[in-house]
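Student: my questions concern the predicted model and sequence given below.
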Amino acid sequence: MKAAIVGGAGYAGGELLRLLLSHPEVEVTQVTSERLGGKFIHSVHPHLRRRTDLKFQSRASLLPVDVLFLALPHGETSKEIDRLQSFAPTIIDLSADFRLRDRGQYPTWYGWEHPQPNLLAQFVYALPELHREQIKTSDRLAIGGCLATAAILGLYPLTRAGVLDRSMPIVIEGKTGSSAGGAESGPSSHHPHRSGEMRSFAPTAHRHTAEIIQELCLTAPNGHGPNVAFSATAVEAVRGILVTAHVFLNEDLAEKDLWKIYRAAYANEPFMRIVKESQGIHRYPNPKILSGTNYTDVGFERDPHSRRVVVMSALDNLMKGAAGQAVQALNVRFGWDERTGLDFSGLYPI
Ligand SMILES: NC(=O)c1ccc[n+]([C@@H]2O[C@H](COP(=O)([O-])OP(=O)(O)OC[C@H]3O[C@@H](n4cnc5c(N)ncnc54)[C@H](OP(=O)(O)O)[C@@H]3O)[C@@H](O)[C@H]2O)c1
């Protein structure tokens with residue numbers, strides 16, 4: 001299958017390329033960059049030296065392929081989607097432009113009216129753990145946001161099971177490394193500003209809140225989703241996301257009941273691991289050991305003094321939070337083993 005990556009000079013595009021160059025079913029034939037047209041891929045992705053002889057080309061010179069991956073900034077994809085979707089029958093978009101079902105959410109969370117609202121219904125939110133059956137038959141796949149993916153995967157077993165007290169909000173804190181902000185430099189990525197950082201950047205109104213609400217509502221009994229209070233913090237890391245969520249149970253469930261709920265959701269999922277040890281330093285999910293892998297590690301702890309459960313979820317933002325999820329969705333779509341091109345662990349120690 002021939003594939004092209006639009007926006008391939010960015011971090012998400014580079015990660016896609018790393019994965020697809022080792023994918024036995026895919027040949028990447030074109031990678032676009034407007035700034036770097038004519039330059040070798042390794043000029044910005046040095047880890048791919050001798051992995052490919054491809055050079056960047058402009059979007060204007062794209063030729064038809066079987067599958068087109070879009071890794072443009074949000075707001076850019078939807079402007080160009082008419083032209084872009086003429087190049088391939090299958091489109092996999094990593095931006096936020098087709099993740100939300102309700103066009104009215106775009107002005108609220110992104111600050112712009114959606115230019116192609118009629119296309120929103122064609123796209124599936126392509127998180128395989130939630131929408132595997134729809135992905136199998138859809139040629140329009142919208143990959144979830146990195147913080148949103150971590151939050152949704154941590155929480156959806158509980159919302160689906162209907163065990164949360166709906167009178168209480170779900171309070172979610174997401175900590176993220178710097179690569180989630182993309183390759184473009186700015187004041188917040190300047191080394192003296194970013195180094196040693198623990199900086200709140202979206203205590204309220206983070207855009208991914210919309211996806212978290214959408215997906216948790218979809219998976220909750222009767223579509224009654226929870227009230228979500230989400231905050232995001234930048235921390236000293238290049239890759240990695242750790243979400244910590246506080247939820248309250250509507251009945252007095254024991255830890256073994258929570259285990260059952262998480263096992264029911266994830267026992268057969270190839271990239272989900274329940275991490276909960278009684279001792280040692282690796283008791284809870286830790287994004288550091290997930291660098292470069294497609295795993296999401298989810299853990300939980302029941303507060304012995306209240307009905308609070310603390311849920312922890314960790315992933316690599318460029319993998320399960322972007323390119324890895326895209327390749328997993330591709331595998332689901334074309335009926336290949338879901339682990340194809342993704343079947344490796346992280347590095348330890350790192
Ligand atoms: N970074 C993550 O962890 C992550 C996780 C999940 C989802 N995503 C999503 O994936 C998409 C790509 O993210 P990224 O982190 O790879 O971004 P990035 O590193 O900034 O790369 C974006 C690419 O798009 C191209 N581009 C086209 N129009 C542009 C414009 N108007 N302004 C800036 N760049 C433009 C860039 O330039 P050239 O064409 O000139 O090369 C660049 O190669 C985004 O929609 C992002 O939300 C990213």
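Tutor: Great, that's in hand. Remember, it's a predicted structure, so these values are computed and weren't measured experimentally. Residues are numbered from 1 along each chain as shown.
Student: ranges for the strands of this structure?
Tutor: Using DSSP state E, the strands assigned to the chain run over residues 2-6, 27-32, 56-57, 67-70, 90-93, 124-125, 140-142, 170-176, 198-202, 228-235, 241-248, 272-274, 296-302, 308-315.
Student: make CSV out of those strands and add mean pLDDT.
Tutor: Formatted as CSV, these follow (pLDDT from 0 to 100):
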stretch, mean pLDDT
strand 2-6, 98
strand 27-32, 98
strand 56-57, 98
strand 67-70, 98
strand 90-93, 98
strand 124-125, 98
strand 140-142, 99
strand 170-176, 98
strand 198-202, 96
strand 228-235, 98
strand 241-248, 98
strand 272-274, 98
strand 296-302, 98
strand 308-315, 98
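Student: which among those strands is found nearest to Ile350?
Tutor: strand 308-315 (13.5 Å; CB to CB). In this view, the C-beta of every residue, glycine as well, is placed from N, C-alpha and C.
Student: does the ligand sit close to that closest one?
Tutor: No. Strand 308-315 stays clear of the ligand (CB under 6 Å from any ligand atom), getting no nearer than 10.1 Å.
Student: give the pairing partners of that strand; include direction for each.
Tutor: strand 241-248 (antiparallel), strand 296-302 (antiparallel) (DSSP bridges).
Student: turn the strands of the chain into a markdown table, including mean neighbour count.
Tutor: Below are the strands of the chain laid out as a markdown table (neighbours: other CB atoms under 10 Å):
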| stretch | mean neighbour count |
| --- | --- |
| strand 2-6 | 24 |
| strand 27-32 | 20 |
| strand 56-57 | 21 |
| strand 67-70 | 26 |
| strand 90-93 | 24 |
| strand 124-125 | 24 |
| strand 140-142 | 25 |
| strand 170-176 | 22 |
| strand 198-202 | 13 |
| strand 228-235 | 19 |
| strand 241-248 | 23 |
| strand 272-274 | 18 |
| strand 296-302 | 23 |
| strand 308-315 | 23 |
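Student: in TSV: the strands paired with strand 308-315, plus distance to Ala88.
Tutor: Compiled in TSV, the strands paired with strand 308-315 are given as follows (distance: least, CB to CB, whole Å):
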stretch	distance to Ala88
strand 241-248	30
strand 296-302	28
